[in-house]
Structure formats: structure tokens, C-alpha cells
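Trainee: here is a sequence with its predicted model. Questions after.
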Amino acid sequence: MFEDMTEQQARDQILQQVAAYCDTFHNQKPPFEPGQRIPYAARVYDREEMTTLVDSALEFWLTAGRYTDEFEQALSKFLSVAHCSLVNSGSSANLLAFMALTSPLLGERAVLRGDEVITIACGFPTTVAPIVQFGAVPVFVDVTIPQYNIDVAMLEEAVSPRTKAVMIAHTLGNPFDLDAVKAFCTRHKLWLIEDNCDALGSKYRGTYTGTIGDIGTSSFYPPHHMTMGEGGAVYTNDALLHKIVRSMRDWGRDCVCPSGMDNLCQHRFDRQYGELPKGYDHKYVYSHFGYNLKATDLQAAVGCAQLKKLPQFIERRKSNFTRLKEALSDLQEKLILPEACEGADPSWFGFLITCRAGISRDAVVQYLEGKGIQTRMLFAGNLLRHPCFTDMRESGEGYRVVGSLTVTDQIMRDAFWVGVYPGMTDAVIDFIAKSIHESVNR
Ligand SMILES: Cc1ncc(COP(=O)(O)O)c(C=O)c1O
């Protein structure tokens, strides 16, 4: 079939066919009709993602390679951040971000077992999991409605001599009060990890969230602002933190040669490390107990194509949010609508609603789901009430709660969200608004 062609010609022919396949068999959606299933989020892609993916498949490099480099550089450029590492999920990104803080290379600022990390309970579990898994102590404070972010008035009360870090997410794309949290961290010499998994493209006073604290993380799981199937990223402006993240991502090794390359530093066999024999192969010298959390080049290839669409995705998320909020503005006596904090320009992940007294969240959710509109809770609601927390709750050990988590419990009981993802048309948003009106006016 390809005998008379060069490899490039063969590849071009395959990619043309893949593009035509994508145009013909994907993305041929009929116009929206009420009753159609409305997912809260989904992949938005075209022939570019599919051809780039197949291009990478034909190369068959498989592990991190040229698409990974391209993606890391492009995401750094987009965010105006110095360093970026592609990883295989947002949860892995959070794990690395936290574990980086435990590196002995950080000296007295390293997080040790038993040290405390301030966080919240009404978010995604893998923002908190690395803290618990390592044996540090999560310190939970309440949040505020309608921002759904940390109540910064509680920060000073939460701090103790063992506090080393704050690790929190920008809830559903809504930036937390970075002025207050950053000032608090500076005052007490604490690390700040921004879980930016639901907030790619959000800005705070003109700067992208995820780049204001010490480390930021992203998720590229399909519902997120952009996708590569599974994937995530860790970014930082701090060269030492970046070095630690890379080491821990790549088995804990000391060497920085990319996959498939040797001896870039020209010192592979002539240095002294620890108590190893002098000249021991640097490729197998370990400065950390690490993981392998790399993504494949196939994932990165899809990410490269998605990243080009990110600015338009962000704009569409914002305009869908605005349209929905306007359409629901007459329901403020029954529903609390979401609001950004001062200085924030959110790239919304979803539209979060809390039902006021007299309106049953469960009844509203059942009604909307019956109309085909997919709904979501604010993830864990209150993480402390989950089975994974039973042992800690019963023993009362391994965590602290500062004040009460009354608002967190309110969110667990009365809040839900619907999507605003870029695949939603005005007709879809209008149908969601109409259905929400019906659900509360029955
Ligand atoms: C705030 C937050 N952090 C972390 C994650 C984990 O990302 P992943 O699913 O890619 O592991 C999610 C997942 O949606 C999330 O919402």
C-alpha cells in the first residue's frame, strides 16, 4: 500500500484519512432538542486532536517525548510560569506538589510527618489525600457561600507552631482570596499550593491562578478546561521546587536526562553521590523516594492541540456562566447564585447553586436529572463525613478542625452544580435555566 511513498507521504495520507474520519463520524451533533442528555462537561475536540494523536501513535515513541516537551513549554508560556511538568493526572499533580514540600533539599522548611497543612473539607479528596498519606495533619477550616472558598477570617486561628503549608483549590474555577491567603502564608513562612485543577485560565488581579502560590496543579481529565484523557501538570516559578518535582515524578532520580537520552551533563560517570562508589552511574542515583507519574506522548499530543483551543474554551465558559446567571437572577430568594471574590476573573468549571430554606436540593436535582440535565455535588461535600475518614474521625487523631464546618455541611446538604462547558450552546443554557425555574416553582 505504501511501497511507492516516502514515510512522510504515507504519514500525510494516513493523517488526511483520520481528519476525514473525524469530520464524518465525530462532532456531527444534531441541534439541541429538549430531552437530549446534557452532560455537565465533555470533551470538545475536532480533527486536530485526532490527527495529532495518530501522528504521535505513528511515531510510536509512547513515553514522554517531543510532544511532552512541546506541551510543557506551551503551558508554561500560556501561564507565564517558569517551569511545568506534565504528569498522568491531576491527583498525581497534587501528590507531587505536596510531596515536593517534604524534600530534604528544602532544609528546615521541609514538611515533616506531624506537621500541619491548612485546607478545606468541601472539595475534591485528592487535594487532601497526599497530606494524610504522608502522615502530615490536615487542618480543616470552613468556607464561605457564595464563593465556596476558604473562609480567610479563620486562618489566624488555624495556625500553630507546626503549620508548614496551605493547600487548597480554587473551587470550580472561582479564585480564593489570594491577597489574604498569600499575605497569611508570607507572614507565617508557609508554602502555598494552589490546586488549580478546576481553574485553568482563571485570573486573580490579572495573574493566572496556579502561578501565584509556590506550586500550582492542573487536571486534564475530560470534564476539565482542556483534556488529554488522563493527564495533569505541576507548575512553579521556583527552580528548586521544579527540580524536586521532576525528580519525584521520574522515579526519584537525581539525573535530569529525558527518557531515551544519556549523559547530557557529561558527568555521568565522574561524580561522588552519597556513599556510593565514586563515578557511580548518575542515571541510577536517587535523591528522593519517588514515583513514576509521567504521562505518555500520546496524551501530550492531544494536549498540544487542546491548548490551542484553550483561550476560546475559557471565553465560552465565561459567557455560558454569565448567560445562566442572568437567566436565574429572578430566583435569588430561592437559590443562592455563585459569586467571584473581589479581584477575581474566574474561568468557571461549573455553576454552583445552594438551595435556600424551603427548597429541597434533592428534589431540584431529581427534577433536573429527569429532564436529562446532568448535575453534580460539590465533590466530597464534607470529606470528614466519608467512609475514608471513619478511622480518623473515631480516633480523633491525624487531623484538626478549627471552628465549625457549618457552611461546609450546608454545602453538602443544599448545594449542587450544573455545567457551563464550551460544548453548551445558548439553547442548552436556556433550557437548563428554564428547567431550574420549573424545579423551584413547582
Ligand atoms: C479540585 C480538583 N483537584 C484534583 C482533581 C483530580 O484530578 P484527576 O481526576 O485528573 O486526578 C480534581 C478532579 O476533578 C479536582 O476537581
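Mentor: Yes, it's here.
Trainee: from here on, contacts and neighbour counts on C-alpha atoms
Mentor: Will do.
Trainee: please enumerate the helices of the stretch 151-300 of the chain.
Mentor: All helices of the stretch 151-300 of the chain, identified by DSSP state H, counting those that start in this stretch, fall at 155-158, 178-188, 239-249, 297-328.
Trainee: ranking the ones you listed by burial, who's on top?
Mentor: Comparing these by mean neighbour count (mean count of other CA atoms under 10 Å), helix 239-249 ranks first with a mean of 22.
Trainee: sorry, back to before: wait, which of the helices of the stretch 151-300 of the chain is closest to the ligand?
Mentor: Comparison of those against the ligand by CA to the nearest ligand atom identifies helix 297-328 as nearest, at 12.5 Å.
Trainee: for that closest one, name the packing helices and strands.
Mentor: Here helix 297-328 touches helix 47-59, helix 66-79, helix 426-440, going by 3 or more CA pairs under 8 Å, 6 or more residues apart in numbering; DSSP states H and E.
Trainee: in TSV, list these along with mean neighbour count.
Mentor: Formatted as TSV, the helices and strands packed on helix 297-328 follow (neighbours: other CA atoms under 10 Å):
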stretch	mean neighbour count
helix 47-59	19
helix 66-79	19
helix 426-440	18
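Trainee: export those to JSON lines and tack on mean pLDDT?
Mentor: Below are the helices and strands packed on helix 297-328 laid out as JSON lines (pLDDT from 0 to 100):
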{"stretch": "helix 47-59", "mean pLDDT": "98"}
{"stretch": "helix 66-79", "mean pLDDT": "98"}
{"stretch": "helix 426-440", "mean pLDDT": "98"}
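Trainee: reformat these as TSV; add distance to His242.
Mentor: Below are the helices and strands packed on helix 297-328 laid out as TSV (distance: least, CA to CA, whole Å):
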stretch	distance to His242
helix 47-59	26
helix 66-79	12
helix 426-440	41
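Trainee: could I get these in TSV, plus columns for distance to the ligand?
Mentor: Output for the helices and strands packed on helix 297-328, formatted as TSV (distance: least, CA to the nearest ligand atom, whole Å):
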stretch	distance to the ligand
helix 47-59	19
helix 66-79	16
helix 426-440	22
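Trainee: from the ligand, how far out is Gly279?
Mentor: Look at Gly279 and the ligand: by CA to the nearest ligand atom, to the nearest Å, they are 39 Å apart.
Trainee: wait, that residue touches Val285, no?
Mentor: No - under the criterion of CA atoms under 8 Å, Gly279 is not in contact with Val285, lying 10.5 Å apart.
Trainee: do you know how far Val364 is from the ligand?
Mentor: From Val364 across to the ligand, the span is 23 Å (CA to the nearest ligand atom).
Trainee: right, and that residue touches Ile436 too?
Mentor: Yes - the criterion here is CA under 8 Å, and Val364 meets it with Ile436 at 7.4 Å.
Trainee: quick one: buried residues of stretch 373-388?
Mentor: Neighbour-count burial for stretch 373-388, with 16 or more other CA atoms under 10 Å as criterion, is recorded at Ile373, Gln374, Thr375, Met377, Leu378, Ala380, Gly381, Asn382, Leu383, Leu384.
Trainee: give me the nearest residue to the first one, chain neighbours excluded.
Mentor: The shortest distance from Ile373 to any non-neighbouring residue, by CA to CA, 6 or more residues apart in numbering, is to Ile38 (4.8 Å).
Trainee: residues near that neighbour, how many?
Mentor: 23 (other CA atoms under 10 Å).
Trainee: cool, Ala415 as well?
Mentor: So Ala415, with other CA under 10 Å, has 24 neighbours.
Trainee: who's in contact with the closest residue to it other than its chain neighbours?
Mentor: In this structure, Ala415 finds its nearest non-sequential neighbour in Thr354, 4.1 Å apart by CA to CA, 6+ apart. Counting by CA atoms under 8 Å, 6 or more residues apart in numbering, Thr354 touches Leu335, Ile336, Leu337, Arg361, Ile411, Asp414, Ala415, Phe416.
Trainee: return the per-residue confidence for the last one.
Mentor: Phe416 carries a pLDDT score of 98 in this model.
Trainee: again with the second one
Mentor: According to the model's per-residue confidence, Ile336 sits at a pLDDT of 98.
Trainee: pretty sure it sits against Arg356.
Mentor: Yes - in this structure, Ile336 is within contact of Arg356 by CA under 8 Å, at 6.7 Å.
Trainee: for the ligand, what's its nearest residue on the stretch 201-350 of the chain.
Mentor: Ser219 (4.2 Å).
Trainee: burial measure for that residue, as a count.
Mentor: Count around Ser219 with other CA under 10 Å applied: 32.
Trainee: isn't it up against Tyr235?
Mentor: No - in this structure, Ser219 is not within contact of Tyr235 by CA under 8 Å, at 11.9 Å.
Trainee: can you give me every residue that contacts the closest residue to the ligand within the stretch 301-442 of the chain?
Mentor: Using CA to the nearest ligand atom, the closest approach of the stretch 301-442 of the chain to the ligand is made by Phe379 at 7.4 Å. When contacts are counted by CA under 8 Å, 6+ apart, Phe379 touches Cys122, Gly123, Phe124, Pro125.
Trainee: am I right that it falls within a strand?
Mentor: No - Phe379: not assigned to a strand; according to DSSP: H, G, I helix; E, B strand; the rest coil it is coil.
Trainee: and Gln8, what's its pLDDT?
Mentor: On pLDDT, Gln8 comes in at 96.
Trainee: if you count contacts, what does the one helix or strand it maps to end up packed against?
Mentor: Assigned by DSSP states H and E, Gln8 falls within helix 7-25. Packing partners of helix 7-25 (3+ CA pairs under 8 Å, 6+ apart): helix 47-59.
Trainee: and the angle from the helix it packs on to helix 7-25?
Mentor: 140 degrees (axes from the mean of the first three to the mean of the last three CA atoms, to 10 degrees).
Trainee: tell me which parts of this protein are close to the ligand?
Mentor: Residues of the chain found near the ligand, taking CA under 6 Å from any ligand atom as the criterion, are 89-91, 124, 126-127, 169, 195, 197-198, 219-221, 231-232.
Trainee: greatest separation within these: which pair is it?
Mentor: Using CA to CA, the pair of those lying farthest apart is Ala169 and Gly231, separated by 17.4 Å.
Trainee: show me where the stretch 151-300 of the chain has its strands.
Mentor: In the stretch 151-300 of the chain, the strands defined using DSSP state E, counting those that start in this stretch lie at 163-169, 191-195, 203-204, 207-208, 215-219, 232-236.
Trainee: the third one pairs with which strands?
Mentor: On the basis of DSSP bridges, the sheet neighbours of strand 203-204 come out as strand 207-208 (antiparallel), strand 344-345 (antiparallel).
Trainee: save these as CSV, and put in mean neighbour count and distance to Val256 too.
Mentor: Shown next, in CSV, are the strands paired with strand 203-204 (neighbours: other CA atoms under 10 Å; distance: least, CA to CA, whole Å):
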stretch, mean neighbour count, distance to Val256
strand 207-208, 18, 28
strand 344-345, 22, 37
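Trainee: all set, thanks.
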